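[1] The amino acid sequence is not available; the structure is as follows:
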């Protein structure tokens, strides 16, 4: 779960956030347990609780935005706790809900126009920074939609 | 009259503010990136009923079973009571026992079968929205596939019955012209949908696109412009009301 949040989300406790940060630093369960002075089973349970809380938060946002997250032909983000893919029937497009330090970003899949390109690029840069995803030279000149697709593929590939 | 109109507008604005307040609670935690460009072109969409439809079927089955059971118990008690009162009666008491036994045998046979087959039936349901038709496929033993061309669609409506609302789902009914034979019910029924309002709007959008193929699809930018025009009209109206009230005060 490569989720480098610099700000604690409201729905996580301080301890859970500590465990999340240690996990993102690449530490194993044993090392985190030793560092925090807890048992391994406790760390495992806490990670499971974190996953469920993130999923619940994303689901709540999906319900608020009236997104379909159950239709079978939506590519599922199963096992990826900080990404939920939904479908907006009104706009007929996929919507990606991504957890970041500033809250949840609901990205509607769209072809960027000149008016929204800069804002979309800023958002993408924030997501890349927090997920530690590097774009190659070729992709940096591509449209935000292509960059976004690459980022999503990376997030799915890394398991969050 | 002007005061009434002012109150009406204020009421409208208050209701808008409530909606805006609720959305603003969400907006503090959620950043929505809709963009100003075009959404991808519409594709063939397959819609499946949610799992809640299965729970609704189970619940309905349980309610019917419980109603029959309670009804039978009540009937048996009632007959036994009247039999007890009457000294000479030809009513075969064994019939009640047989009825009760049949109820339980039926329950043991039907309920497990339904528990197994209902999930398969719900999984078999599929609704497809093409560019010019709605296709409803369902059925386990007899698989039925109904094609409903857009050119014959007359009405689209939604319905959420008592049990539907209990499980947060609803139905979209697509009615066509020229019902066949003795048919009185809507032609197509898309049931077990959580977002039935949105799917109804989606079908309506496809219908309009089919009816007016040359009309360009509105972009997010045009939708934003429409909203801006609406808010401008609100503002103009409010300014006029303010002017009228000022003149009245003088």
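    Yep, it's here. In this text, all values refer to a predicted model and were calculated from it rather than measured experimentally.
[2] how far away is residue B:107 from residue B:73?
    For residue B:107, the distance to residue B:73 (Cβ to Cβ, to the nearest Å) stands at 13 Å. For every residue, glycine as well, the C-beta is placed using N, CA and C.
[3] what does residue A:117 give?
    71 Å.
[4] between these two, which one's more packed in?
    residue A:117 (15 against 12; other Cβ atoms under 10 Å in any protein chain shown).
[5] what about the more buried one, which helix or strand?
    helix A:114-131 (DSSP states H and E).
[6] Quick test: name the residue nearest the centre of chain B.
    The residue lying closest to the centre of chain B (Cα atoms, centre = their mean) is residue B:170, at 2.2 Å.
[7] Just grab the bridge partners of that one for me.
    residue B:193 (DSSP bridges).
[8] tell me the average confidence for stretch B:116-125?
    The average pLDDT for stretch B:116-125 rounds to 93.
[9] which ones are touching residue A:130?
    Neighbour list for residue A:130: A:3, A:4, A:5, A:6, A:100, A:101 [criterion: Cβ atoms under 8 Å, 6 or more residues apart in numbering or on different chains].
[10] Spell out whether whichever strand in chain A runs longest and chain B are in contact.
    In chain A, assigned by DSSP state E, the strand with the most residues is strand A:93-100. Yes: Strand A:93-100 is in contact with chain B by Cβ under 8 Å from any Cβ of the partner chain, via residue A:93.
[11] Quick one: mean pLDDT over that strand.
    Average pLDDT, strand A:93-100: 88.
[12] How about residues contacting it?
    Here strand A:93-100 has contacts from A:3, A:5, A:9, A:54, A:57-58, A:61-62, A:65, A:67, A:74, A:82-88, A:104-110, A:126-127, A:130, A:148, A:152, A:155, B:39-40, using Cβ under 8 Å, 6+ apart.
[13] What ranges does chain B have for its strands?
    For chain B, applying DSSP E gives strands covering B:30-33, B:45-47, B:126-129, B:133-138, B:144-149, B:153-159, B:170-176, B:188-193.
[14] Out of these, which one sits most buried?
    The highest mean neighbour count among the strands of chain B, using mean count of other Cβ atoms under 10 Å in any protein chain shown, belongs to strand B:188-193: a mean of 23.
[15] helices or strands next to that strand in the packing?
    Applying 3 or more Cβ pairs under 8 Å, 6 or more residues apart in numbering or on different chains; DSSP states H and E, one finds that strand B:188-193 makes contact with helix B:52-85, strand B:133-138, strand B:170-176, helix B:196-211.
[16] Flag the shaky bits of chain B, pLDDT-wise.
    For chain B, applying pLDDT under 70 flags the ranges B:1-29, B:41-44, B:85-92, B:178-186, B:214-229.
[17] Over to chain A?
    In chain A, residues with pLDDT under 70: A:1-3, A:71-81, A:158-160.
[18] which parts of it sit against chain B?
    Checking chain A against chain B by Cβ under 8 Å from any Cβ, the hits are A:10, A:61, A:64-66, A:68, A:70-73, A:88-93, A:102-113, A:115-116, A:119-120, A:123.
[19] Spit out the contact partners of residue A:112.
    By Cβ under 8 Å, 6+ apart, residue A:112 lies in contact with A:120, A:143, A:144, A:145, B:35, B:36, B:37.
[20] so how far does stretch B:151-170 reach from one end to the other?
    Length of stretch B:151-170, first residue to last, Cα to Cα, to the nearest Å: 25 Å.
[21] One more: stretch B:33-52?
    Start-to-end span of stretch B:33-52 (Cα to Cα) is 30 Å.
[22] can you check stretch B:144-156 too?
    So stretch B:144-156: terminal residues 21 Å apart, Cα to Cα.
[23] which residues touch it?
    Contacts with stretch B:144-156, where a contact means Cβ under 8 Å, 6+ apart, come from B:132-138, B:172-178, B:186-188, B:200, B:203-204, B:206-207, B:210-211.
[24] and the longest strand of chain A, which strands flank it?
    strand A:83-88 (antiparallel), strand A:103-108 (antiparallel).
[25] The ones you listed: which one's closest to residue B:245?
    strand A:103-108 (41.5 Å; Cβ to Cβ).
[26] follow-up on the earlier one: want to throw the strands paired with strand A:93-100 into JSON lines with distance to residue B:242 and mean neighbour count?
    Output for the strands paired with strand A:93-100, formatted as JSON lines (distance: least, Cβ to Cβ, whole Å; neighbours: other Cβ atoms under 10 Å in any protein chain shown):
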{"stretch": "strand A:83-88", "distance to residue B:242": "39", "mean neighbour count": "22"}
{"stretch": "strand A:103-108", "distance to residue B:242": "37", "mean neighbour count": "21"}
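[27] and these as TSV, adding distance to residue B:151?
    Below are the strands paired with strand A:93-100 laid out as TSV (distance: least, Cβ to Cβ, whole Å):
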stretch	distance to residue B:151
strand A:83-88	27
strand A:103-108	31
